[in-house]
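Participant: quick one: sequence and predicted model below, then my questions.
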Amino acid sequence: GQVAVLVCVMADAYPPHSYANPWVFLEGALRVIHQGEYVGAGHHVAVFDAGGDGRDEFLIGYQLVDARGQVLWTVDCWDSEQLDPLEHHVDHAEVCWLGDAWFAALSGTSWQYWVDSSGHTLWAHRLPHPQFCVVGHGESGVEILVLNQRASTYCFDTDGRELWRGVLPENWPMGRPAGGFGPRPI
């Protein structure tokens, strides 16, 4: 059956698990399907039909996971790397469809990533603690707006070119930059 509930630790873990782990998959009667630990798990999960088959998958940290908790892929830059879960976790994931393909913007502690539907990193930028990202239409087409914990904001296009950076005014969104960051699909 379909997963009815996904339970996770969104910050500190309990032994023997690492930061933001474990994740527990439950079916409708709350029977445990799977309990797993995922690479780069953090504060957000994207739930969507990644395979186009009517079943949800989960982008947990740097891994795409099916409804049974099995890893389908790991973002290639972390596939064979050891990471410190506290220092390298996903704070936010934003998935968008561009035509027939989906892409994900991942705000990951010190890096902003743009990855394709196979987990290939198209680009990555080191930033001052990206915490949140939004993908939408802007003046240059599809743009990725990144809000950093340290108050700075960046905007990139899908090729990874920096379009602008700055500090949003205190009364944001009254002073939001030009362009409409709206609902997906794009």
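Facilitator: Cool, got the structure. Computed from a predicted model, the values in this text were never measured in an experiment.
Participant: quick one: mean pLDDT for the helix or strand encompassing residue 132?
Facilitator: Assessed by DSSP states H and E, residue 132 sits inside strand 130-138. The pLDDT scores in strand 130-138 average 92.
Participant: that one - contacts with which helices or strands?
Facilitator: strand 92-98, strand 101-108, strand 111-116, strand 141-148 (3 or more C-beta pairs under 8 Å, 6 or more residues apart in numbering; DSSP states H and E). C-beta here means a position set from N, CA and C on the backbone, and glycine is covered the same way.
Participant: okay, the ones you listed, which one's buried deepest?
Facilitator: Stretch with highest mean neighbour count among those: strand 101-108 (a mean of 22; mean count of other C-beta atoms under 10 Å).
Participant: angle of that one against strand 141-148?
Facilitator: 20 degrees (axes from the mean of the first three to the mean of the last three C-alpha atoms, to 10 degrees).
Participant: would you list the strands that strand 101-108 pairs with, along with their directions?
Facilitator: Here strand 101-108 is paired, per DSSP bridges, with strand 92-98 (antiparallel), strand 111-116 (antiparallel).
Participant: from the chain's centroid, how far away is that strand?
Facilitator: 6 Å (C-alpha atoms, centre = their mean, to the nearest Å).
Participant: the inter-axis angle of it versus strand 130-138?
Facilitator: Using the same axes, to 10 degrees: strand 101-108 against strand 130-138 is 150 degrees.
Participant: confidence score at the residue lying farthest from the centre of the chain?
Facilitator: Residue farthest from the centre of the chain, counting by C-alpha atoms, centre = their mean, is residue 29 at 28.7 Å. Listed pLDDT for residue 29 reads 86.
Participant: same thing with residue 174?
Facilitator: 56.
Participant: quick one: least confident helix or strand in the protein?
Facilitator: Within the chain, no helix or strand scores below strand 3-8, which has a mean of 78 by mean pLDDT, DSSP states H and E.
Participant: thinking again about what came up before, make JSON lines out of the helices and strands packed on strand 130-138 and add distance to residue 81 and mean pLDDT.
Facilitator: JSON lines is the format used below for these (distance: least, C-beta to C-beta, whole Å; pLDDT from 0 to 100):
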{"stretch": "strand 92-98", "distance to residue 81": "19", "mean pLDDT": "95"}
{"stretch": "strand 101-108", "distance to residue 81": "13", "mean pLDDT": "96"}
{"stretch": "strand 111-116", "distance to residue 81": "12", "mean pLDDT": "97"}
{"stretch": "strand 141-148", "distance to residue 81": "22", "mean pLDDT": "92"}
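Participant: list the residues that contact the spatially closest residue to residue 61 that is not a sequence neighbour.
Facilitator: Of all residues beyond its chain neighbours, the one nearest residue 61 is residue 40 (3.2 Å), with distances taken as C-beta to C-beta, 6 or more residues apart in numbering. With contacts defined as C-beta atoms under 8 Å, 6 or more residues apart in numbering, the neighbours of residue 40 are 61, 62, 63, 75, 78, 83, 85, 88, 89, 90, 108.
Participant: with that, I have no additional questions.
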